[in-house]
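K.L.:
Here is a sequence together with a model predicted from it:
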Amino acid sequence: MISVQPALLRRITGTLFLSESVYSAAFIATLTLLSVNASLLSGSDALAGLPTTLGLVSRAALAVPIGWLMDRWGRRLGLMVGYGAGVLGMVAGVFAVQSFSFVLLCASTAITGVTQATSQQSRFVAAEIWAPAARARVIGLLVFAGTAGAVGGPLLVGPTSALALQWGLQANAGPYLFGIGLLALSLLLTAVLLRPDPLHLGRCYAEQEALRTPVVRSARTILADPTVALAVGSMVIGQLVMTLIMVITPVHMHHEHHSAGEISVVFMAHTLGMFGFAFLTGWLIGQLGARPMILFGAVVLVLSSILAMQAANLLALVVALFLLGLGWSFCFVAGSALLTSALQPHERGRIQGANDMLVALASGTGSLSTGAIFSGGGMVAVGAVGLGLTLAFMALAAWLRPLPELAGQK
């Protein structure tokens, strides 16, 4: 029997946090120039979003298989596969830029979609080794790791591009070159320090504390559980509403003659709302419970949707997009914590993978549909759709009730 010591838990959690911070910086650095590279290599602005879409499709398609792999062979191996694929994807990105190959660029984003799929699992991996009371705080910490990418990623673009030029390469290959090193570091950290496997620790903890009697449940039965449905619904709707409003805001601001600097200010506020308070969000969930925080998140999304409909100046847009990110954070962190607590250890990989697939599909749906909604009715229509979706989710959440054996969960 493995002795689950606090120092061991902190080491594994710290390893996951550092690995995710490094990965997010690499991912955001390459994402910053992705649409530019796509436009240059394809020769058409109309294809600028195709590589991003392919990465999203790859992430959605592989989320469930990655979850199955983690349940069968362990969390460590699953994460190593993801980071290893990321290294290959970054190598492909370098060759794509150097050879001016749009096809290879698309292949690069499809390969790194594997990394995105595994990265989304890291918050659950960290949470399952901790007692239920600490899981929300740990999930918040792992989501907070995205701050490194949000802040550090764009800052890496300039220096790495200059370094690539010094080495006789195309400037836009720089972020990919640096990404190879960063993802190799994440792979090394995971291989060396993520021991023993968090899967075994989670099962050990469940056995020691007798959290629940093991029961074999089908995926359909699990997803029909009202607690699971609420947790998944909060993450899916939060992602959908956020994507709807976030993606189209730069277009709206461009039409309103806002400068690129003003657009960047709005998105900095949005990113701050998403990641900057995630650790505090986790602490609040530990104090108040996951269900109230999901409700608070929905209320904040309602406020953001209303403000986005009426935003007439820069300050209003900053507030609207900050609240949009904060509402997403509440729903995402609280939903993740609630889902982890509702699942048995042997169920987590596949069901959490299915959840992340649905979140990715929601993101794709939002990004694909928001342009048509905006064309039909401007930001009023986009905000109205976001408002309607959130209110519908709140009505569903009020109707859902936990099963008797889970009624004691927060």
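P.N.:
Looks like it came in fine.
K.L.:
isn't residue 84 right up against residue 190?
P.N.:
No - between residue 84 and residue 190 there is no contact under Cβ atoms under 8 Å: 9.5 Å. All C-beta atoms are positioned from the backbone trio N, CA, C, and that covers glycine.
K.L.:
The two - which one has more neighbours?
P.N.:
More crowded of residue 84 and residue 190, by other Cβ atoms under 10 Å: residue 190, with 26 against 19.
K.L.:
State the helix or strand in which the more buried one lies.
P.N.:
Following DSSP states H and E, the helix or strand that holds residue 190 is helix 174-193.
K.L.:
quick one, what contacts the residue nearest the centre of the chain?
P.N.:
Nearest to the mean C-alpha position of the chain, counting by Cα atoms, centre = their mean, stands residue 120 at 5.6 Å. Each residue near residue 120 by Cβ atoms under 8 Å, 6 or more residues apart in numbering is listed here: 59, 63, 356, 359.
K.L.:
and what of residue 75?
P.N.:
By Cβ under 8 Å, 6+ apart, the contact list for residue 75 reads 121, 125, 194, 197, 198, 199, 349.
K.L.:
Likewise for residue 42?
P.N.:
Contacts were defined as Cβ under 8 Å, 6+ apart; by that measure residue 42 touches 48, 50, 102.
K.L.:
The first one: how many residues sit nearby?
P.N.:
Using other Cβ under 10 Å as the criterion, residue 48 is surrounded by 17 other residues.
K.L.:
Quick one: the helices in the stretch 251-400 of the chain, in order.
P.N.:
Remark: helices assigned in the stretch 251-400 of the chain by DSSP state H, counting those that start in this stretch are 260-271, 278-288, 290-310, 314-342, 348-399.
K.L.:
Please name every helix or strand in contact with the last one.
P.N.:
What it means is helix 348-399. Taking 3 or more Cβ pairs under 8 Å, 6 or more residues apart in numbering; DSSP states H and E as contact, the helices and strands that helix 348-399 lies on are helix 50-73, helix 102-128, helix 219-224, helix 226-255, helix 290-310, helix 314-342.
K.L.:
Can I get those in JSON lines including distance to residue 388 and mean pLDDT?
P.N.:
Putting these into JSON lines (distance: least, Cβ to Cβ, whole Å; pLDDT from 0 to 100) gives the following:
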{"stretch": "helix 50-73", "distance to residue 388": "24", "mean pLDDT": "87"}
{"stretch": "helix 102-128", "distance to residue 388": "27", "mean pLDDT": "92"}
{"stretch": "helix 219-224", "distance to residue 388": "24", "mean pLDDT": "85"}
{"stretch": "helix 226-255", "distance to residue 388": "10", "mean pLDDT": "90"}
{"stretch": "helix 290-310", "distance to residue 388": "9", "mean pLDDT": "95"}
{"stretch": "helix 314-342", "distance to residue 388": "15", "mean pLDDT": "93"}
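K.L.:
Let me know which of the helices of the stretch 251-400 of the chain is tucked in deepest.
P.N.:
Among those, judged by mean count of other Cβ atoms under 10 Å, the one packed with the most neighbours on average is helix 314-342 (a mean of 25).
K.L.:
Return the distance of that helix from the chain's centre.
P.N.:
Averaging C-alpha coordinates over helix 314-342 and over its chain gives two centres that are 12 Å apart (Cα atoms, centre = their mean, to the nearest Å).
K.L.:
and the angle from that helix to helix 260-271?
P.N.:
Following axes from the mean of the first three to the mean of the last three Cα atoms, to 10 degrees, one obtains 30 degrees for the angle between helix 314-342 and helix 260-271.
K.L.:
Which secondary structure elements does helix 314-342 sit against?
P.N.:
Taking 3+ Cβ pairs under 8 Å, 6+ apart as the contact definition, the neighbouring helices and strands of helix 314-342 are helix 102-128, helix 132-144, helix 226-255, helix 260-271, helix 278-288, helix 290-310, helix 348-399.
K.L.:
Looking at these, which is nearest to residue 176?
P.N.:
helix 102-128 (7.8 Å; Cβ to Cβ).
K.L.:
With respect to residue 262, which of the contacts of residue 42 is nearest?
P.N.:
Using Cβ to Cβ, residue 48 comes nearest to residue 262 of those, at 21.8 Å.
K.L.:
wait, isn't the closest one in contact with residue 35?
P.N.:
Yes - with contact defined as Cβ under 8 Å, residue 48 and residue 35 form a contacting pair (4.4 Å).
K.L.:
list the residues that contact both of these two?
P.N.:
Taking Cβ under 8 Å, 6+ apart as the contact rule, residue 48 and residue 35 have no neighbour in common.
K.L.:
So which residue of the chain lies furthest out from the middle?
P.N.:
residue 168 (34.9 Å).
K.L.:
So what does residue 256 have for phi and psi?
P.N.:
Recorded main-chain torsions at residue 256 are phi -90, psi 10, according to degrees, to the nearest 10.
K.L.:
what's the answer for residue 343, then?
P.N.:
Dihedral angles of residue 343 (phi, psi; degrees, to the nearest 10) stand at phi -110, psi 150.
K.L.:
Now for it, how many residues are close by?
P.N.:
Applying other Cβ under 10 Å, we find 24 residues neighbouring residue 343.
K.L.:
Equivalent analysis for residue 223, please.
P.N.:
Applying other Cβ under 10 Å, we find 15 residues neighbouring residue 223.
K.L.:
Over to residue 312: give its phi and psi.
P.N.:
Backbone torsions of residue 312, given as degrees, to the nearest 10, read phi -120, psi 0.
K.L.:
rewinding a little: between all of the contacts of residue 75, which two are separated the most?
P.N.:
Spatial extent of the contacts of residue 75 (Cβ to Cβ) is set by the pair 194 and 349 at 15.0 Å.
K.L.:
In contact with residue 250, which residues are there?
P.N.:
Under the contact definition (Cβ under 8 Å, 6+ apart), the residues listed for residue 250 are 263, 267.
K.L.:
Would you check how far apart it and residue 35 are?
P.N.:
From residue 250 across to residue 35, the span is 11 Å (Cβ to Cβ, to the nearest Å).
K.L.:
cool, residue 26 as well?
P.N.:
When Cβ to Cβ is the yardstick, residue 26 and residue 35 sit 17 Å from each other.
K.L.:
If you count surrounding residues, which of the two has more?
P.N.:
Comparing residue 26 with residue 35 by other Cβ under 10 Å, the one with more neighbours is residue 26, at 32 against 16.
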